[in-house]
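Chemist: I would like the atomic coordinates for the input below:
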Amino acid sequence: LLANAVVTLGADKGSLMLYDEATRELVVRAVCGVEPNVAERIRRGEEPCLRLRLGEGVAGKVAQTLEPLIVNQADKDPIFLDPQLSQVSSILCLPLHVGGLTLGVLNLSNRSAGKRFTGSHLEEGMRLAQQASHALNNSRLYHLAILEPMTEVFHRAHLYHRAEDEIIRARRYQRHVSLIAVRLIGLDEVRRQKGHELGNKMEIEFADLVKRSIRETDAVGRLGDGSFAVLLPETDSLGAMFLAERIHQEAEHSPTMAQFSVKTSLGVCTFPDRADN
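Modeler: Residues are numbered from 1 along each chain as shown. I've put the predicted structure just below:
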């Protein structure tokens, strides 16, 4: 939808900013019209990106008011932040929302050949923004159904369903599937001594650590307080052991976990070598 909007409205580039309810900020999640490797790093969350509060800059104002906005001379409009740094001369910013619930904004910038964005571009853009809003809201509802809200990894039931599907596939094609179980030892003591907020922060950091360590085809879930599991399709015992050791070493070097003496205890099980369900 972003790429289609850029082409349809004759822009040089575009970006999708989603509203992060936890930080109450708009965050760039996808871009079009930049180097492919940069776009991919942004998609994977590996590239530092602009963050704006509601009401801040053009995007922040549009997200706050849910009204579209055209700025054809960014360097002369005080609402636009750092036009030279962002290399934006003109912008059409469209709100993304469903029933008044802010989802984010769609930014289309630098009208091709130095032309201006007009009312007709705004009308066409709003039709595209409406499509994007419904797609984003469906995705949001799906993620709410399968993700554990604090750590944003799969919740227990969804991981179990995934494991059942992978075992059926592995049995049919005579392949391996492994599972790593992880327990954070010492987390209960942190919660008692330092409070639940710090304990939650450590679980979030650990979940992020695991997500950075696994492949896109793998899955990580939170089973309970301080308890996680990593599902590894097409992975034998040796491969699972290597990954378990890497997770263990990464956790050992985590400043927060080291400071409060929280350790990882990991176990590995593989189908069909050591388990049949």
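Chemist: Hmm, residue 133 and residue 98 touching each other?
Modeler: Yes. Checked against CB atoms under 8 Å, the pair residue 98 and residue 133 is within contact range at 5.4 Å. C-beta here means a position set from N, CA and C on the backbone, and glycine is covered the same way.
Chemist: Any idea how far the host helix or strand of residue 61 is from the middle of the chain?
Modeler: Using DSSP states H and E, residue 61 falls within helix 57-65. Using CA atoms, centre = their mean, to the nearest Å, the mean C-alpha position of helix 57-65 is found 21 Å from that of the whole chain.
Chemist: Stretch 116-133 now?
Modeler: For stretch 116-133, the distance to the chain centre is 26 Å (CA atoms, centre = their mean).
Chemist: and if you look at stretch 166-173?
Modeler: On CA atoms, centre = their mean, the centre of stretch 166-173 falls 29 Å from the chain's centre.
Chemist: Pick out the residue closest to the middle of this structure.
Modeler: By CA atoms, centre = their mean, the chain has its centre lying nearest to residue 45, at 6.4 Å.
Chemist: before we move on, what SS does that one have?
Modeler: What DSSP: H, G, I helix; E, B strand; the rest coil gives for residue 45 is coil.
Chemist: Can you give me the distance of it to residue 56?
Modeler: Residue 45 is 21 Å from residue 56, where distance means CB to CB, to the nearest Å.
Chemist: wait, what's in contact with the closest residue to residue 13 other than its chain neighbours?
Modeler: Spatial nearest neighbour of residue 13, chain neighbours left out: residue 33 (2.8 Å); criterion: CB to CB, 6 or more residues apart in numbering. With contact set as CB atoms under 8 Å, 6 or more residues apart in numbering, residue 33 has these partners: 6, 11-14.
Chemist: neighbouring strands for the host helix or strand of residue 26, and are they parallel or not?
Modeler: Counting by DSSP H and E, the element that carries residue 26 is strand 25-32. With DSSP bridges as the test, strand 25-32 is paired with strand 11-20 (antiparallel), strand 51-53 (antiparallel).
Chemist: Looking at these, which is nearest to residue 110?
Modeler: Nearest to residue 110 among the strands paired with strand 25-32 is strand 11-20 (3.9 Å), distances taken as CB to CB.
Chemist: in the sheet, who's paired with residue 13?
Modeler: Assigned bridge partners for residue 13, using DSSP bridges, are residue 109.
Chemist: Likewise for residue 224?
Modeler: Counting by DSSP bridges, residue 224 is bridged to residue 227.
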